[in-house]
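A.B. asks: Provide a 3D model corresponding to the input given below.
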Amino acid sequence: MKFIYTCLLCCIASSWAQAQDTTNAWQPSISLDAEPVPTLAVSNKNDTSYHNSLSLTSVFTIRHRSGWGISYAPAFVLSSSRLQLYVQRLTIGLEQYDRPKYTWVMDYAHDFFSSHSPLPYIPLNNEGYALFKYKKISLHPVVEADIGWGRDSSTMGKMSYDLNFAAGIEYAFQWDFNQVELSVTPSLLGNIGTDSYFFLSRIAPYISHSKGFIKYLKNPHYAGSRGAVQAGRHVVNMNINSNPVVNMNNSNPHTTSVTQVSSGLNRMQFNNIATGAEISLSWLSWTLRSDIQAFLPVGSSATHTISAYFSMTCEYDF
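C.D. replies: Predicted structure coming up:
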């Protein structure tokens, strides 16, 4: 971990120095993201429930004008009236949003989770993400894909993964008021995925940012596993709606589980239709951006209610 931090600081320092010498060659930026995440509440040592808490993420980014860049993002959750670090995300990849004909995004991200976290246990700590958007016609076709993978400690380190694909259309409304730019981009996308695990997927925030995430997981061994979690000095049996739930992030070697978790392409299903809008307001070097989405379950998930997602980002480009 220290080696990664050292390399990251060296990259930032080097890129920052070049940004001062070469006009527009490098673009440092910093942003603050606010969004909900599910956290586990335990009362009387055995009564458990999930509720949405506020997550605040600081994102430090260095990006070359070609689109290549690296970012570091520590995320904190407001739990028990205090901020608690639950993950640090390191991302590297290509992001080209300003091309006249298309948008390309190809990123790899690795998550370093805290040993004790109020979030549910997340076995997938790697993500590969890709986005393509064609902008030469009025209705922009959009295609997204991501894969999450990692070793699940509840299955003796077995490699597990999830796949998600989304495709649809969007339309961008844009207005210029002197130095102020306003854009509103409504979208409509269909989502296909395995949804076997709880992980920080960029395509499926209806799972990783909803207190009702369990009802969306198709892996019955993971969603309804029997196990015990060592929280502090107390061993807590997790049971919600008569279905024991998964462990919280905990690296304690005494944590136990008796589940056999599996995932595969046989769990790939049409999950939902996502409708939403991105609202962006830019002034000089400042950008205020909001993302609002509603996920309408279809297929085997049609019995579930609509899930909503909301995020707010404030960004400054140096």
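
A.B. asks: Pull the number of nearby residues for H51.
C.D. replies: When neighbours are counted by other CB atoms under 10 Å, H51 registers 10. Using the backbone N, CA and C atoms, a C-beta is placed for each residue, glycine as well.

A.B. asks: what sits against the closest residue to it other than its chain neighbours?
C.D. replies: Spatially, and ignoring its direct neighbours in sequence, H51 is nearest to K211 (5.3 Å; CB to CB, 6 or more residues apart in numbering). Contact partners of K211, counting by CB atoms under 8 Å, 6 or more residues apart in numbering, are P38, Y50, H51, N52.

A.B. asks: likewise P74?
C.D. replies: Neighbours of P74 in contact, by CB under 8 Å, 6+ apart: T57, S58, L85, V87, Q88, R89.

A.B. asks: sorry, back to before: quick check: pLDDT value at the residue nearest to H51.
C.D. replies: At K211, the pLDDT value in this model is 88.

A.B. asks: Repeat that for the one 3 residues further on.
C.D. replies: In the predicted model, I214 carries a pLDDT score of 84.

A.B. asks: do G150 as well
C.D. replies: pLDDT at G150 comes out at 93.

A.B. asks: name the element it belongs to?
C.D. replies: Assigning secondary structure by DSSP states H and E places G150 in strand 140-152.

A.B. asks: List the buried residues of that strand.
C.D. replies: Neighbour counts over strand 140-152 (16 or more other CB atoms under 10 Å) mark H140, V142, E144, A145, D146, I147, G148, W149, G150, D152 as buried.

A.B. asks: for the stretch 1-150 of the chain, what spans make up the helices?
C.D. replies: For the stretch 1-150 of the chain, applying DSSP state H, counting those that start in this stretch gives helices covering 2-21.

A.B. asks: Can you list the low-confidence ranges for it?
C.D. replies: Under the criterion pLDDT under 70, the flagged ranges of the stretch 1-150 of the chain are 1-23, 43-47, 80.

A.B. asks: hmm, 90 instead?
C.D. replies: By pLDDT under 90, the low-scoring segments of the stretch 1-150 of the chain are 1-26, 39-51, 78-83, 97-100, 115-123, 138.

A.B. asks: That one: strands as residue ranges?
C.D. replies: Ranges of strands in the stretch 1-150 of the chain, per DSSP state E, counting those that start in this stretch, are 26-43, 47-64, 68-79, 82-96, 102-113, 126-134, 140-152.

A.B. asks: among these, which is nearest M312?
C.D. replies: strand 26-43 (4.7 Å; CB to CB).

A.B. asks: ok so, going back, helices or strands up against the strand holding G150?
C.D. replies: When contacts are defined as 3 or more CB pairs under 8 Å, 6 or more residues apart in numbering; DSSP states H and E, strand 140-152 packs onto strand 126-134, strand 158-170, strand 180-193.

A.B. asks: hey, which of those strands is tucked in deepest?
C.D. replies: For the helices and strands packed on strand 140-152, ranked by mean neighbour count under the definition mean count of other CB atoms under 10 Å, the leader is strand 158-170 at a mean of 19.

A.B. asks: Check what pLDDT the most centrally placed residue in the chain gets.
C.D. replies: Closest to where the C-alpha atoms of the chain average out (CA atoms, centre = their mean) is L200, at 3.7 Å. On pLDDT, L200 comes in at 94.

A.B. asks: That one contacts E127, correct?
C.D. replies: Yes - between L200 and E127 there is a contact under CB atoms under 8 Å: 7.0 Å.

A.B. asks: Can you pull the residues that touch both of those two?
C.D. replies: D111, G148.

A.B. asks: returning to that earlier point: what does the strand holding G150 contact?
C.D. replies: Where contact means CB under 8 Å, 6+ apart, the residues beyond strand 140-152 that reach it are 123-134, 157-172, 187, 189, 197, 199-203, 261.

A.B. asks: same thing with stretch 33-44?
C.D. replies: For stretch 33-44, contacts defined as CB under 8 Å, 6+ apart pick out 48-57, 59, 73, 77, 79, 86, 118-120, 205, 208-211, 213, 231, 236, 238, 248, 309-313.

A.B. asks: Buried subset of these as a ChimeraX selection?
C.D. replies: Applied in ChimeraX, the following selects the buried portion of those according to 16+ other CB under 10 Å:
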select :48,50,53,55,57,59,73,77,79,86,118,119,120,205,208,209,210,211,213,231,236,238,248,309,311,313
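
A.B. asks: Understood, closing this out.
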